[in-house]
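Visitor: the sequence isn't on hand, but the structure is:
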């Protein structure tokens, strides 16, 4: 569970609701179902035109990842890799075969298996990098869906407001209704701004950061596997890989 | 047929029409032919100045592709390439000549033909990459037309609204006409926003995604042809190429 | 003559004029010389501060190129290069000397001359690429002038409108003049939007596309000259260079 | 202490306060706690959704760095490196071990230690560059938090203003309250603009510049360490490294 | 003296002043000292927070360069380099020592000195490229100051206008003062737009162009020095370097 995302979402909606409660107008002044349909439905419709169905259908899963992601721990990844390096150094590369089963991380597993199979280092690197690129591409597609939702929601909000204004202006026989008409017209712009700034845009950003963190983990694995295969000293491997961590998170001390 | 695009387009226009129907103003309040001409005609005129005639004339075809594209299937591409690799391994590169006819994909055909002709690997790669770059360039031109239409439509909408406001303001003798005048003035801005957000901008994005998918397919073919020519093991080729697919779509299991 | 640019310009201005004609206000309501001076003069003045005098003075020529460019024909370029390759293959590189005179394209001429002079291939490539980079740089300067004009015109339009509003607001003794005052104030914004969207921005885009087409032609020439010098087979050269053309424009068939 | 940041902040707030004091309205007209909560709370909430908790918690420290950073002095870095180079040249690389203790800069220390340990130059460079990349990444995360705060503050300001306008418009029974209602509605937009332009956006820019300066220092160290290890002449090292300084700050004269 | 910048500045301010003179309002309606302080003072304060004091203090010098720069003449640079190449070819590299004194350009001097000293070509190139990168970095810092001023001036203009509107709206007891109040409120937006579009933004662009021109000159020098050191034919050097010039400015004819 991503506490930061949950607290942020609750806080943002809470502040908006509280500020409506404290205002003079009744809560109902801010509720208009057709406006909601134009803004959210319109944003989804426009985004559907942007992406193939498969990516669209995968996007709710991606949005859940904003809240349900587990914090990555590159430190434990490095521990695993260093431990594998020690085995390889002591008992030879083939000894890693016995340890494949105990590895959780599928990316490490794939690399170790190829190393055990005697695949050439440059082939291993090419395959792992293409895999990394594919993962990156799929994550970027998910982020792009949220980007487009966050960009179309305010646009459809503006379309709704323009329609509301035209309706209001084309019948101004009752001056007392002008204010109420404009209030309704503005609701779609408000919805578009809220939906975009409270949900889609921050979520897209979070997916972006999560992707960057995962790419770092994958990079650590690739470098670790290649170092293990070339028989480097486990201490040197550890020092190399820990440069990816912030200083405080490092187990070894530089040059120690 | 691209279901996602069709449903998105119908939904977006449907929501806008429904929201007009539910409003108090008659439908006719939203129809103004001259406004439509200024916005759509203006956007097309400005876009014509941006591109050579040939690209402009090709753009309706490109727009149809938003709705009529067939989903790409890189999985079957990989199957074809692996099957060619098996033939080449078993019976030699020249045996591929007999299979050229049965290949649908013109890009694979071109590569296999060059391999059979004994063209040097680096020449094959250079020719195929230039071809890929040319395809990419033509796709980007098509996307750029839609980008410009999506950018100029709101601009001409604003030009129309400014003209409408100036007309209205320069003759305010009849106060009761002010509202109607402003309503008409706003219609061009509304048209610009709708045309851009319901059509051109999402379509440009779809063409972008389709292009990226096709480039991935072309990349798979290039790597496959080069691997076949260098006589790699079909299983290794398959594993390499499948890194381009999402894990679920892979026929082989890693390291198996 | 670039038909697309001419038709686009006539159409864009035509639609705007027609829409004014059809409106209720007299044409004179849209004419205000001082407003025009602030917008166009201001945009030119700001752009003058951006560029050295030499680039500014060359920009009217560049704007004429938007309308007077001849469509490039890379197909005939390739024909010329292939014919030179045949001569070189049959009679040796030095035989090209006799054909230098008949070549129109100065870039091919320069390359052939260097090849005949026995210049090293890497020196030829370096010189031709620097030349290409210089041409690209000069084109980009011309495009940049139009970009800045297209960016400053609306800015000075807004400056004019703000000045008009301040004038109007600081003397509201005659309420009946308010509408007319605002109409005049809005004219500069209208001028800025028209000048930018009907002229400068589409023209900048056209120069951009023309530049990209010319760079492709130059790239074809560079690769052709280097292939000729290294004595490649004219058929292979043709196949290589035709990958730059769309499939329909190719004289040879792949793999034929 | 970063005088420029402190003076800038005091000056910006001072000018805004002075301009309010000089105005006709009471200071209280600009104070509205709920508005402040929506804008600042909302911006923080949206930013929390963008980043993992760890980065959010580190951002106050990063903001303090805007004011508490010490000016970097690459000149003294170069002096240290040249002095180390002299020792290494005179007494051998191992003689540096005795000087490790006196080095303050942890990055130089790390490099010298590796050089003394006899690590291969390419390994040293790889480790130091990864470290530099990690530092760069952490700095960019901190800057990104401020970027998002600076981008969401005006957005939540606009959300607040839209809510205020809807409240005001939905109850216009008392015309005399309209002005006051709009004044309150505009306060959130004002807060958003101030918070973003007086604090978050300039601070993000400062962190960006500080990061660039630090990267230059790290680059100097990397090149210095590698030059020391390869036994280059200390004078040449000095000349090489001083190209990173502006001419006036150089101790040696070129070619002297 | 940069005529283009001077004429542009005079013209832009002249048009704005003339257009005020021709208007109905007195000139004093456009003068408001506190507004000027908020906009210009605020923009400077925000920019101070962005940059270290040293860069801020250097920026007035950089702004003067917009008007006081001398047009670069790469043609004469090439002449100098070719003449040095002739000396080096005739009398050997060491003969250049006698000519070092007569060279004005410090960058050529630095290169020639290193060549005479027998520095390795790759070391010379590394040192000169780092120097070029440092110069580029310092120029970009200066441009960045103007960019930020040009970005913050309109922002503080909007802050001022919002404050003015809130003041006006919170006291509407005297309806006749509303117009005047709004006029004053708009003045800060006008100031922000003028300061940004007449001064900072065009100046930033000019610094950008001047920097690009200087980088081209430095690139010419680097290539020239390296060619001289490797003993290339002065005619070939001339032809190589003149590809950086537009065709008309070339002294030699291609292939001659």
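Guide: Nice, I can see it. All values reported here derive from a predicted model rather than from experimental measurement. Numbering: from 1, shown residues only, chains lettered A, B, ... in the order given.

Visitor: now the most centrally placed residue in chain A: closest residue in space that isn't a chain neighbour?
Guide: The centroid of chain A falls nearest to residue A:207 when counting by CA atoms, centre = their mean (1.2 Å). With sequence-adjacent residues excluded and distances taken as CB to CB, 6 or more residues apart in numbering or on different chains, residue A:207 is closest to residue A:143, at 4.5 Å. The C-beta positions use only the backbone N, C-alpha and C, and glycine is treated the same way.

Visitor: enumerate every residue touching that neighbour.
Guide: A:62, A:204, A:207-208, A:211 (CB atoms under 8 Å, 6 or more residues apart in numbering or on different chains).

Visitor: before we move on, what about residue A:53?
Guide: So residue A:53 contacts B:2-4 (CB under 8 Å, 6+ apart).

Visitor: re the thing from before, what about the residue nearest to the centre of chain A, which helix or strand?
Guide: helix A:201-229 (DSSP states H and E).

Visitor: where does pLDDT dip in the stretch 101-250 of chain A?
Guide: Applying pLDDT under 70 to the stretch 101-250 of chain A flags no residue at all.

Visitor: that one: helices as residue ranges?
Guide: A:106-116, A:121-170, A:176-194, A:201-229, A:234-242 (DSSP state H, counting those that start in this stretch).

Visitor: now for the first one, which elements pack on it?
Guide: Here helix A:106-116 touches helix A:74-91, helix A:121-170, helix A:201-229, going by 3 or more CB pairs under 8 Å, 6 or more residues apart in numbering or on different chains; DSSP states H and E.

Visitor: that helix: how far from the chain's middle?
Guide: 26 Å (CA atoms, centre = their mean, to the nearest Å).

Visitor: in CSV: the helices of the stretch 101-250 of chain A, plus distance to residue C:114.
Guide: Formatted as CSV, the helices of the stretch 101-250 of chain A follow (distance: least, CB to CB, whole Å):
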stretch, distance to residue C:114
helix A:106-116, 49
helix A:121-170, 38
helix A:176-194, 61
helix A:201-229, 44
helix A:234-242, 48
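
Visitor: check contacts around the residue in chain A positioned nearest to chain C.
Guide: Closest residue of chain A to chain C, CB to the nearest CB: residue A:169 (16.0 Å). By CB under 8 Å, 6+ apart, the residues touching residue A:169 are B:179-180, B:182-183, B:186.

Visitor: which pair in the contacts of residue A:143 spans the largest distance?
Guide: A:62 and A:208 (11.5 Å; CB to CB).

Visitor: run a quick neighbour tally on residue A:164.
Guide: 25 (other CB atoms under 10 Å in any protein chain shown).

Visitor: and what of residue A:31?
Guide: Neighbours around residue A:31, by other CB under 10 Å: 10.

Visitor: kindly report the same for residue A:79.
Guide: 14.

Visitor: excluding chain neighbours, give the residue nearest to it in space.
Guide: The shortest distance from residue A:79 to any non-neighbouring residue, by CB to CB, 6+ apart, is to residue A:251 (7.5 Å).

Visitor: and the one you found, how far is that from residue A:73?
Guide: 12 Å (CB to CB, to the nearest Å).

Visitor: residue A:92 too?
Guide: 29 Å.

Visitor: again with residue A:133
Guide: For residue A:133, the distance to residue A:73 - CB to CB - is 23 Å.

Visitor: ok, these two, which is more surrounded?
Guide: residue A:133 (15 against 11).

Visitor: show me what contacts that one?
Guide: Per CB under 8 Å, 6+ apart, neighbours of residue A:133: none.

Visitor: separation between it and chain E?
Guide: 30 Å (CB to the nearest CB, to the nearest Å).

Visitor: what's the answer for residue A:170, then?
Guide: Computed as CB to the nearest CB, the residue A:170 to chain E distance reads 28 Å.

Visitor: now swap in residue A:115 and tell me
Guide: Counting by CB to the nearest CB - residue A:115 and chain E are separated by 37 Å.

Visitor: and if you look at residue A:119?
Guide: With CB to the nearest CB as the criterion, residue A:119 and chain E are 36 Å apart.

Visitor: over to residue A:103?
Guide: According to CB to the nearest CB, residue A:103 and chain E sit 44 Å apart.

Visitor: for that residue, which non-adjacent residue is spatially closest?
Guide: residue A:109 (4.8 Å).
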